[in-house]
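1. coordinates only, no sequence provided:
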């Protein structure tokens, strides 16, 4: 094939994310961008997950095919549990075991696709961190693989490649309390706190699936031709060059993968002519007067955490919109009465008029785009952090698990927010710490600095031409490395 033909050829890609909606949604956004450039995408998951995905726009749906592989039966996993959203955090290891049970259905799918004469043979398989068994199946059929890791790239560098861990072993909590030797450019603050580091230590140990998270990631990166990340140079300067050097293969930014149609803010928040009650409530608040509070759907909150967070918001004395989620081990609230029972006595009455606690679905992107929102109190999931930065919202940060602590430190170094004070050993926090952090961003003078820095990042990340360029460069890599390994 000559160079001109290779440049114009449309690709056939298979995307296969980890069974968590925080992964499936970015994968779907990647699928839509590839489809918008004329490429065909098959998106793999399990039946219940496919049914719960948001619809693909009508103009792209002919090129995005959602395919459900049969969900494996795993001992100890509740019937119908097909994603991390269906189980408590301590059962996520069984979801990884379920992913491993998808190896045989995937092999059958790929064999059928490769044998098809109608042009269904994939040019690429793009997979997540946990599919360590997949490259061998793809190699047997001559199909190249790439990894798409939706977590913060800085966190991948911090965890490091296999050779770095062998040269400088880390086995204790203290080992993760400072940047590793191979990240000499990192500020000293980019590290786990003691109460967070247990996750990192455990990630190097086999879990109930029989394989450690790090071993899964290492095998994926080592056996794919390059690795794609949901980030860009403007958010994490220098990290892509570092990752390329550490793992000895290209680290490619995909951009922030926030849909272009939200760039006009509130207009995209209307669906079928209806505007959500949450947005109607925000319409009545003054500009930048309200802090949006959302800690994700899977944060390991306790009843005590909820009370301290609530009382801290009350003490801060600012307007707030709280996307309320149940604490760990409790069933989801189904009514305002259920919510009231989980909050401090009299809380809703004392905050009525300047606060809204909402237990239903919240259109987070539209909320962050709303002119009334002045900041975001977040668990620092990477997707939520990116969404906040795209709209120039400074952060009050309350990280819990995985890469969230590293994200919080990175954002603090960028000067776009502040963490809630925590106990170093057990990670507990109190109402006074919550109130102080909220007021420092929303009320006090330094909040202007946080807002200014966040708005500076917003201007860069809202440059759609630059974001499109990242995607075009990614497509170039897919075409260039299809025949040649790195």
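-> Good, I have the coordinates. In this text the structure is predicted, and so the values were computed from the model without any measurement.

2. enumerate every residue touching residue 24.
-> 17, 18, 45, 49, 53, 83 (CB atoms under 8 Å, 6 or more residues apart in numbering). The way it works is simple: take the backbone N, C-alpha and C, and place the C-beta from them, glycine included.

3. which of the residues you listed are buried? Put it as a ChimeraX command.
-> Buried members of the contacts of residue 24, defined by 16 or more other CB atoms under 10 Å, are picked up in ChimeraX with:
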select :17,18,45,49,83
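
4. so which of the contacts of residue 24 comes closest to residue 156?
-> residue 18 (14.5 Å; CB to CB).

5. tell me the buried residues in stretch 293-305?
-> Buried-residue list, stretch 293-305, by 16+ other CB under 10 Å: 293, 294, 295, 296, 297, 298, 299, 300, 301, 305.

6. ok, back up a step: what's the most distant pair in the contacts of residue 24?
-> Once CB to CB is applied, the contacts of residue 24 give 18 and 53 as the farthest pair, at 14.1 Å.

7. pLDDT weak spots in the stretch 1-150 of the chain?
-> 1-8, 117-118 (pLDDT under 70).

8. looking at the contacts of residue 24, which one is closest to residue 483?
-> residue 17 (25.7 Å).

9. which residue ranges of the stretch 201-350 of the chain form helices?
-> 213-223, 239-247, 277-283, 303-316, 336-342, 347-351 (DSSP state H, counting those that start in this stretch).

10. and the nearest residue to residue 159 once chain neighbours are set aside, how far from residue 164?
-> Using CB to CB, 6 or more residues apart in numbering and skipping residues adjacent in sequence, the residue nearest residue 159 is residue 214, 6.5 Å away. Distance of residue 214 to residue 164, given as CB to CB, to the nearest Å: 11 Å.

11. what's around residue 476, how many residues?
-> 12 (other CB atoms under 10 Å).

12. next, the buried residues of the helix or strand containing it.
-> Per DSSP states H and E, residue 476 falls inside helix 464-480. Residues of helix 464-480 classed as buried: 467, 470, 471, 474, 475, 477, 478, 479 (neighbour count, 16+ other CB under 10 Å).

13. if I look at the third one, how far off is residue 254?
-> Pointing back at residue 471 there. Distance from residue 471 to residue 254, by CB to CB: 7 Å.

14. try the fourth one
-> According to CB to CB, residue 474 stands 5 Å off from residue 254.

15. what of the first one?
-> For residue 467, the distance to residue 254 (CB to CB) stands at 9 Å.

16. mutual contacts of those two, please.
-> With CB under 8 Å, 6+ apart as the test, residue 467 and residue 254 both reach residue 232.

17. residue 453: what secondary structure?
-> Secondary structure state of residue 453, per DSSP: H, G, I helix; E, B strand; the rest coil, is helix.

18. oh, I was asking about residue 387
-> helix.

19. that one touches residue 369, doesn't it?
-> No: applying CB atoms under 8 Å as the test, residue 387 and residue 369 come out as separate, 9.0 Å apart.

20. for stretch 97-117, buried residues please.
-> 97-103, 105-107, 109-110, 113.

21. which one of the residues you listed is nearest to residue 394?
-> Distances from residue 394 to the buried residues of stretch 97-117, taken by CB to CB, are shortest for residue 99, at 36.5 Å.

22. circling back: how about a markdown table for the buried residues of stretch 293-305, with distance to residue 57 and pLDDT added?
-> As requested, these are exported to a markdown table (distance: CB to CB, whole Å; pLDDT from 0 to 100):
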| residue | distance to residue 57 | pLDDT |
| --- | --- | --- |
| 293 | 30 | 97 |
| 294 | 25 | 96 |
| 295 | 30 | 92 |
| 296 | 26 | 82 |
| 297 | 24 | 72 |
| 298 | 27 | 69 |
| 299 | 31 | 76 |
| 300 | 35 | 79 |
| 301 | 34 | 83 |
| 305 | 38 | 89 |
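
23. go through the residues you listed and flag which are in strands.
-> Within the buried residues of stretch 293-305, residues falling in strands by DSSP state E are 293, 294.

24. and which of the buried residues of stretch 293-305 is nearest residue 345?
-> When these are compared against residue 345 (criterion: CB to CB), the nearest one is residue 305, at 17.0 Å.

25. against residue 106, how distant is that closest one?
-> 39 Å.

26. ok, residue 92 next?
-> 20 Å.

27. cool, and residue 11?
-> Counting by CB to CB - residue 11 and residue 106 are separated by 19 Å.

28. residue 314: neighbour count?
-> 20.

29. ditto for residue 90
-> The burial count for residue 90: 11, using other CB under 10 Å.

30. quick one, helices of the stretch 1-150 of the chain?
-> 3-8, 21-36, 47-52, 92-100, 103-115, 134-140.

31. same list (these) but as a markdown table, adding distance to residue 458.
-> Below are those laid out as a markdown table (distance: least, CB to CB, whole Å):
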| stretch | distance to residue 458 |
| --- | --- |
| helix 3-8 | 33 |
| helix 21-36 | 19 |
| helix 47-52 | 31 |
| helix 92-100 | 33 |
| helix 103-115 | 40 |
| helix 134-140 | 37 |
